Structure formats: structure tokens, C-alpha cells
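**Q** I would like to see how this sequence folds:
(one chain, ligands or ions: 2)
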Amino acid sequence: MKLRYFSHSAFQITSDSGKIILIDPFITGNPTSPVKAEELKADFIILTHAHGDHIGDAFSIADKEKTLFICVNELANYCADKGFKAHNMHIGGGYNFEFGRVKFTIAHHGSLTPDNHYGGEPAGVIISMDGKTIYHTGDTGLFLDMKLIGEINKIDYMMLPIGDNFTMGISDAVKAVEFVNPAVAIPIHYNTFPVIEADPYEFKSKVEAIGKKAMVLEFGQEIEL
Ligand code: NI
Ligand code: MN
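**A** Numbers count the residues shown, from 1 in each chain. Ligands and ions are numbered 1, 2, ... in the order given. Have a look, this model is predicted:
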């Protein structure tokens, strides 16, 4: 499988079988995105929560016939109301899709849509596919249950915010890495806007100082997992 980072919280996962999964595709209005929304397509779109910098371009990228939205119940209903196919889930629940398994976790944050609809609880997401397990925390503050998430899941890649202000900053994010104990931590949700400026290499060196591994992805970079 391949993982491509578009900056902020936006990723594209391409499965070994060629399925394309987008997570939180915030492209238009994202000054750090290296791609345009028109260049993207998706078989599946996973949204962690309803904020504009996470729903992003999901509705312009999605195909009403082909794309399946995967989100918590209230946000899935919102997508369905817009005419899209959606699979309703909720926190603590997992489901086996054709590309792999998706399970939602808690996240401490908010979730109002840009047009002021309640988006349900914000979430993190654990995706197990092609022999790897990824944990994208969504927008969240630090929480102790991350220890449990790390205990019951062997996380290969953990994507977590470091930008502070709306989410964890660097020092709390380093603690989150200690709790979850992933093979590799990838910092996200930083430098998109002045209010969330943070140095990902400071995060990397602090993660390495506690004996763990972090990888800073360039905006647009794609890696093979
Ligand atoms: Ni948010
Ligand atoms: Mn956000």
C-alpha cells in the first residue's frame, strides 16, 4: 500500500488492489496543499470530523455513484443528505470493508459542519489493511485512553497533530506517541495557518529522545508502507 500526505490532516492511501482512500481531504483553501482537488478521486472517503479543514473538498471529489463515505453516524447522515453513499459507524465500532478494517476511536475536539450542522462526536480512526495498521488520531487533545489503544492494537504508523491551539502541541504529542507506542509517528496539522505553526523536526527529535521513531513527510510526499 502507498500513503501520500497532502499537508494538514489530508492523506491518500492506495491499497495493493488499487483502491483509493482519502482521509480528511482539505485541499482548496489549504495554502500548503501541493495538489488541486480536481486532480483527486476516491473510492472511499474517511472523515474524522465535520470541521471545514477536514470535510474540505470531500463533496467535490466524491462521485455520487462510486465513492463511499465512512464516518460516525451523524456525519454519515449529513453526507447522505447531500446525496452521497455513506456507511454509518460510531466510536468503538469496527467494520471490514473490501480494502480492510476501519475502527473509530474517541477524540477530544468538536464537530460542527461549515453550515452549522452537528457532526456527531469527533473521532480518530484505525485502519488495518495490506498487513499494516494505521492510527490517524483526527483533531484531538492528549488523552490517557491512548494507552489502551496502543495496548490492544499494534500500530505501525500513527498520524497525530502537533500544531497546538486546536489540538495537541508538540510536548503533548510526544506523550501521545509514548502512550500508543507506534513503530513510526508522523506529525500532522501544523504550518497550514499561522496559528498552528510548529516545527515537525522539533517533534521528531523529541520523539527520538524517548527512544521512538518519527518521520516528517514532505507536503505531497508518497511512501510505500
Ligand atoms: Ni477540527
Ligand atoms: Mn482541524
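**Q** what sits opposite the residue most central in space within the chain in the beta ladder?
**A** Centre of the chain computed as the mean C-alpha position; nearest residue by C-alpha atoms, centre = their mean is His136, 4.2 Å away. His136 forms beta bridges with Val125, Met159, as assigned by DSSP bridges.
**Q** show me the contacts for it.
**A** By C-beta atoms under 8 Å, 6 or more residues apart in numbering, the contact set of His136 is 9, 11, 23-24, 46, 48, 124-125, 127, 159, 188. C-betas here are computed from N, CA, C, even on glycine.
**Q** partner strands of the helix or strand hosting His87, parallel or antiparallel?
**A** Assigned by DSSP states H and E, His87 belongs to strand 85-89. Partners of strand 85-89 in the sheet, by DSSP bridges, are strand 68-72 (parallel).
**Q** go through whichever helix or strand comes after the strand it pairs with and flag the buried ones.
**A** Per DSSP H and E, the first helix or strand lying C-terminal to strand 68-72 is helix 73-81. Buried residues in helix 73-81, counted by 16 or more other C-beta atoms under 10 Å: 73-79.
**Q** not counting its neighbours along the chain, what's nearest Cys71?
**A** Distances taken as C-beta to C-beta, 6 or more residues apart in numbering place Leu47 nearest to Cys71, at 4.5 Å, with adjacent residues excluded.
**Q** quick one on the thing from earlier: among the buried residues of helix 73-81, which ones lie close to ligand 2?
**A** By C-beta under 5 Å from the ion, no member of those lies near ligand 2.
**Q** this structure: helices as residue ranges?
**A** Ranges of helices in the chain, per DSSP state H, are 52-55, 58-61, 73-81, 146-152, 170-180, 200-209.
**Q** would you turn those into a markdown table with mean pLDDT?
**A** Shown next, in a markdown table, are the helices of the chain (pLDDT from 0 to 100):
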| stretch | mean pLDDT |
| --- | --- |
| helix 52-55 | 98 |
| helix 58-61 | 98 |
| helix 73-81 | 98 |
| helix 146-152 | 98 |
| helix 170-180 | 98 |
| helix 200-209 | 98 |
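**Q** between the contacts of His136, which is closest to ligand 2?
**A** Ser9 (6.1 Å; C-beta to the ion).
**Q** ok, that closest one to Thr67 distance?
**A** To Thr67, Ser9 is 19 Å away according to C-beta to C-beta, to the nearest Å.
**Q** between these two, which one's more packed in?
**A** Under the neighbour definition other C-beta atoms under 10 Å, Ser9 and Thr67 were set side by side, and Ser9 has more, 30 against 21.
**Q** quick one: residues contacting that one.
**A** Residues near Ser9 by C-beta under 8 Å, 6+ apart: 23-24, 26, 48, 53-54, 136, 138-139, 159, 161, 188-189.
**Q** with Ala183 instead?
**A** By C-beta under 8 Å, 6+ apart, the residues touching Ala183 are 155-157, 213.
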